[in-house]
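*Asks:* Predicted coordinates and the sequence they were generated for:
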Amino acid sequence: MFINRDARHLIEVRESPGKGLGVFAKDNIPRGTRILAESSLLKVENDNPDAKKILQAFEDLTPSQQSSYLELHRYTFDSDKQILEAQMGQTWDEMAEMHRKVLNIYTANSFPSIYLLGSRFNHSCVPNTTHSYHPSLDKETFHTIQDITAGEELLITYIDGSNWDRSRRQKYLQKWGFQCNCPVCEDTPQGRAKEEKRLELSYLTDEFQDLLSLETEESLEEALKLTQKLAAIQKSEGLVGHELRYSYVGS
Ligand SMILES: C[S@@+](CC[C@H](N)C(=O)[O-])C[C@H]1O[C@@H](n2cnc3c(N)ncnc32)[C@H](O)[C@@H]1O
């Protein structure tokens, strides 16, 4: 049986300078704490946005759930707008204002479901929090992956590839309409040194895939050595979420 508890009393939502609202620690939080296990407010069974299903799911909410939903952050990137326009058979300007709002909120916050508290986590390319869907609980769970000090912001990553280079990361983040200034993205000597490590990770990951595809005893042994090297860099760079798990057990 899975215990359906979290430590949300240790977090609060408040203004994060330059980022809108964010999630902050009210107290010190040890690494590995499940800070949140949250049921979705609005669920759409599709990884890609489907305008009509999203609007129907919104219609199916209670009035109080609808007003909570409408308080979430709004943003829709142009290419997502084009997809939604095609699905609706209307231009963005022709759509009812409420439809634009609902879709704007969906595209800015979907996991692909929408979570009221979970949607307030901002992004960092060096996250201190990870999240995943927990099928037995039917909840999205959020765990700290670093020790957090009181007052610190809890950050997840919106990117599914920690070894992407800076320009690829930034291009992907355009979907949410912001420029990342996390410790790896900042244009400082420290930021550039961290970026070098990302490039090394990218190179080693490609080499690892090449070795695996050879499927000889020697290449698999080499691949195993490489994963140890990958894991060491990931740990030293604070990349201790999903990517480290992949290094140990494969994706
Ligand atoms: C899922 S919401 C996160 C919560 C949001 N800040 C709010 O006020 O509800 C995504 C939005 O947060 C902002 N955001 C997230 N991470 C950011 C970052 N690292 N820097 C600046 N803005 C960020 C962007 O406006 C983005 O579209």
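*Replies:* Received it, and whenever you're ready, just let me know what you need. Numbering: from 1, shown residues only.

*Asks:* Ile83: which element?
*Replies:* helix 78-88 (DSSP states H and E).

*Asks:* which residues in the stretch 51-200 of the chain form strands?
*Replies:* 122-123, 129-134, 139-144, 153-156 (DSSP state E, counting those that start in this stretch).

*Asks:* Any idea which of those gets closest to the ligand?
*Replies:* Among the strands of the stretch 51-200 of the chain, strand 122-123 comes nearest to the ligand, with 3.4 Å by Cβ to the nearest ligand atom. All C-beta atoms are positioned from the backbone trio N, CA, C, and that covers glycine.

*Asks:* Pairing partners for the closest one, with directions?
*Replies:* strand 153-156 (parallel) (DSSP bridges).

*Asks:* which residues touch the strand it pairs with?
*Replies:* 11, 16, 22-25, 35, 121-124, 126-131, 142, 144, 148, 182 (Cβ atoms under 8 Å, 6 or more residues apart in numbering).

*Asks:* Quickly check: that strand near the ligand or not.
*Replies:* No. Using Cβ under 6 Å from any ligand atom, strand 153-156 stays clear of the ligand, coming no nearer than 7.2 Å.

*Asks:* just for the stretch 101-250 of the chain, where's the confidence low?
*Replies:* 250 (pLDDT under 70).

*Asks:* which bits of it sit near the ligand?
*Replies:* 108-109, 119-120, 122-123, 176-178, 180.

*Asks:* and whichever residue of the chain sits closest to the ligand, backbone torsions?
*Replies:* Taking Cβ to the nearest ligand atom, the ligand has its nearest neighbour within the chain at Gly20, 2.7 Å off. Here is the backbone geometry of Gly20 (degrees, to the nearest 10): phi 80, psi -140.

*Asks:* Surely it is in contact with His73?
*Replies:* Yes. Checked against Cβ atoms under 8 Å, the pair Gly20 and His73 is within contact range at 5.7 Å.

*Asks:* Which residue of the two possesses the greater neighbour count?
*Replies:* His73 (16 against 13; other Cβ atoms under 10 Å).

*Asks:* Okay, domains of this protein per the record?
*Replies:* 8-40+117-156, 42-114, 182-247 (the TED database).

*Asks:* which stretch among these comes nearest Trp164?
*Replies:* Nearest to Trp164 among the domains of the chain is domain 182-247; the distance by Cβ to Cβ comes to 7.2 Å.
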